[in-house]
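1. Let me see the structure of the following:
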Amino acid sequence: MTRFDRAVAIVAAVLGGFVAGYAVVDSEPYDITMAESGFSPFPWWLTPQWVGILALVSAVGALALLQRLPVAWTWCAALLGPGLLAAPAVVDIATAQSGSVNGLGAGLIVAAAGRLADGRSVVLLGLLGGLLCSAVFSAHVQLALWGRVERWSVSIGPFYPEPAVPVSVLVVVGVVLLIAMWRNGFEGFALIARGSVGVVSLLAAVLLLTYVWLGSTAASVGSWTVAVAVASGSVILAARVLPEGRVVLVGLAVAASCVSQVAWIGQLEGVALGVRLGLVVVGLAVGLRVRKPTPGVVVIAVVTASGLLVDWVDGVPEVAYVAVLPLAVGYAVGACVPRRADALIGAMVPFAMTYFTISPPVPPAEYEWRTNFAYVVEPPKIVIEVYGPLAVGVLVATAVACVAAVAMWRLSFAKVAAAG
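-> This is a model prediction of the structure:
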């Protein structure tokens with residue numbers, strides 16, 4: 001493999017992971033709260049939780065099949081994945097079905113990129129980094145690049161949303177994936193175990209049922225907390241039996257950190273996004289050298305806790321989420337030194353645990369009267385703001401990240417002891 005071939009493979013993996021993850025994140029309808037609180041049972045197939053779980057199951061299942069089928073099927077997956085995401089530009093697909101289409105398309109892209117990355121550690125890290133960056137930077141990407149696609153489920157119908165990702169970007173993803181496969185071929189390093197497919201399927205069922213019964217936007221604080229505890233415990237148990245369990249724990253900590261998001265408004269949005277992506281790369285490089293992931297997960301927990309300071313201390317949460325979190329995420333993933341394609345399971349955990357991004361306890365909406373008097377205020381050139389749910393939501397998320405750090409320490413210790 002030449003340097004050019006390796007570079008193309010890395011770019012394909014990063015782009016594929018990032019676009020697939022963003023397509024899942026952008027599947028949230030504007031009126032999801034109305035859909036979940038106005039119907040009993042509510043239409044769970046509209047929720048980003050379902051889309052993320054479908055993407056996870058389809059990615060793992062498709063990869064397990066692609067590793068055992070002729071290479072032509074992987075080429076088909078690399079074309080079909082972007083094609084499904086682009087389908088709403090050609091065919092009217094209602095909101096009720098568009099989420100499932102996005103989940104399947106994202107899963108096929110991840111499966112094709114995972115097949116390419118199998119046996120190539122640097123390419124695999126690119127895929128994992130692209131997935132996790134799309135989860136962590138979703139709010140920033142919506143402001144800096146594509147904007148959020150208008151998507152209504154129950155309040156306006158029938159409604160036919162546009163593709164979550166621009167068609168031109170999807171074409172680039174498909175072409176780059178095909179070129180990378182043509183130039184590099186496939187290693188076939190380690191097949192995904194059938195046991196891993198079963199574990200992921202069981203975990204997906206638990207996460208979906210827990211969200212529907214206990215953790216939706218209509219749930220009480222107590223019910224939501226129980227749902228988070230059950231879901232997090234299930235992920236930790238899965239991490240103990242999956243081959244790349246440490247990456248699963250990193251994914252759990254990243255999911256918890258997403259309880260707060262940073263919005264960069266004004267000038268230099270694209271530049272700031274590029275800098276944050278660069279910090280992830282720096283963290284990956286450092287993690288590959290140090291190979292101790294526990295400190296990275298601890299820092300992610302500290303960043304999550306900084307969300308408690310949003311209304312009290314200016315600047316600290318912003319620095320933590322803008323600069324420290326990308327470094328910590330990159331370091332934690334790189335330090336795990338993943339070698340098997342099973343690692344993509346961990347990178348997709350944040351999309352299958354929307355308890356922190358969609359349904360955490362939020363303050364009640366406030367309304368006020370305004371006059372029709374128009375006035376112009378010169379806006380500031382740059383606004384950086386961290387926003388999140390009620391303090392109890394941040395506390396629960398911080399507790400989950402801390403538990404993930406403890407589990408990471410125990411799993412890493414057990415791995416070292418087994419190797420010694």
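2. Please make it C-alpha for all contacts and neighbour counts, starting now.
-> OK.
3. residue ranges for the strands of the stretch 151-300 of the chain, please.
-> 261-266 (DSSP state E, counting those that start in this stretch).
4. the helices in it, which residues?
-> Using DSSP state H, counting those that start in this stretch, the helices of the stretch 151-300 of the chain run over 167-184, 194-210, 221-241, 245-257, 269-290, 294-305.
5. Determine which of these approaches residue 58 most closely.
-> Taking C-alpha to C-alpha, helix 194-210 is the member of those nearest to residue 58, at 9.8 Å.
6. re the thing from before, of the helices of the stretch 151-300 of the chain, flag the one that's most buried.
-> Mean neighbour count (mean count of other C-alpha atoms under 10 Å) peaks for helix 245-257 among the helices of the stretch 151-300 of the chain, with a mean of 30.
7. quick one: it to chain centroid distance?
-> With C-alpha atoms, centre = their mean, to the nearest Å as the basis, helix 245-257 stands 10 Å off its chain's centre.
8. Please apply the same query to stretch 239-251.
-> Centre to centre, stretch against its chain (C-alpha atoms, centre = their mean), the figure for stretch 239-251 is 15 Å.
9. mind listing what residue 405 touches?
-> Applying C-alpha atoms under 8 Å, 6 or more residues apart in numbering to residue 405 gives the contacts 249, 253, 294, 295, 297, 298, 301.
10. Save those residues as TSV, and put in pLDDT too.
-> Output for those, formatted as TSV (pLDDT from 0 to 100):
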residue	pLDDT
249	96
253	97
294	95
295	95
297	97
298	97
301	97
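11. so where is the stretch 101-250 of the chain shaky, pLDDT-wise?
-> 142-146, 155-157, 187-191 (pLDDT under 70).
12. what do you get if the cut-off is 90, keeping everything else the same?
-> Scanning the stretch 101-250 of the chain for pLDDT under 90 picks out the ranges 115-121, 137-161, 164, 182-196, 212, 215-219, 243-244.
13. okay if I get the helices of the stretch 151-300 of the chain as TSV plus distance to residue 355?
-> Shown next, in TSV, are the helices of the stretch 151-300 of the chain (distance: least, C-alpha to C-alpha, whole Å):
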stretch	distance to residue 355
helix 167-184	28
helix 194-210	10
helix 221-241	7
helix 245-257	9
helix 269-290	24
helix 294-305	15
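14. out of those, which comes closest to residue 74?
-> helix 167-184 (8.9 Å).
15. Restrict that closest one to CA atoms and write it as PDB.
-> Extracted in PDB, the C-alpha atoms of helix 167-184 (Å, rounded to 0.1, in the frame of the first residue of the first chain):
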ATOM      1  CA  VAL A 167     -26.400  15.100  -2.500                       C
ATOM      2  CA  SER A 168     -23.100  16.500  -3.700                       C
ATOM      3  CA  VAL A 169     -21.400  15.400  -0.500                       C
ATOM      4  CA  LEU A 170     -23.000  12.000  -0.800                       C
ATOM      5  CA  VAL A 171     -21.700  11.600  -4.300                       C
ATOM      6  CA  VAL A 172     -18.200  12.500  -3.100                       C
ATOM      7  CA  VAL A 173     -18.500   9.900  -0.300                       C
ATOM      8  CA  GLY A 174     -19.500   7.200  -2.600                       C
ATOM      9  CA  VAL A 175     -16.800   8.000  -5.200                       C
ATOM     10  CA  VAL A 176     -14.100   8.200  -2.600                       C
ATOM     11  CA  LEU A 177     -15.200   4.900  -1.000                       C
ATOM     12  CA  LEU A 178     -15.100   3.100  -4.400                       C
ATOM     13  CA  ILE A 179     -11.600   4.600  -5.200                       C
ATOM     14  CA  ALA A 180     -10.300   3.500  -1.800                       C
ATOM     15  CA  MET A 181     -11.600   0.000  -2.300                       C
ATOM     16  CA  TRP A 182     -10.200  -0.200  -5.800                       C
ATOM     17  CA  ARG A 183      -6.700   1.000  -4.700                       C
ATOM     18  CA  ASN A 184      -6.500  -0.900  -1.400                       C
END
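16. Now do that helix: everything it contacts.
-> With C-alpha under 8 Å, 6+ apart as the criterion, helix 167-184 contacts 1, 5-6, 8-9, 11-13, 15-16, 19, 75, 78-79, 82-83, 85-86, 89, 112-113, 116.
17. Quick check: buried residues in the lengthiest helix in the chain?
-> In the chain, taking DSSP state H as the definition, the longest helix is helix 391-419. Across helix 391-419, burial judged by 16 or more other C-alpha atoms under 10 Å covers 391, 393-409, 411-412.
18. Select, out of the helices of the stretch 151-300 of the chain, the one closest to residue 34.
-> The nearest among the helices of the stretch 151-300 of the chain, by C-alpha to C-alpha, is helix 221-241 at 17.3 Å.
19. for the closest one, packing partners?
-> Packing contacts for helix 221-241, counted by 3 or more C-alpha pairs under 8 Å, 6 or more residues apart in numbering; DSSP states H and E, involve helix 194-210, helix 245-257, helix 391-419.
20. how far does that helix sit from the chain's center?
-> That offset, for helix 221-241, works out to 17 Å (C-alpha atoms, centre = their mean).
21. likewise stretch 61-73?
-> The answer for stretch 61-73 is 23 Å, by C-alpha atoms, centre = their mean.
22. mean confidence score for it?
-> Stretch 61-73 comes out with an average pLDDT of 89.
23. what do you get for stretch 403-416?
-> Confidence for stretch 403-416, expressed as mean pLDDT, is 87.
24. Kindly report the same for stretch 46-57.
-> Across stretch 46-57, pLDDT averages out at 93.
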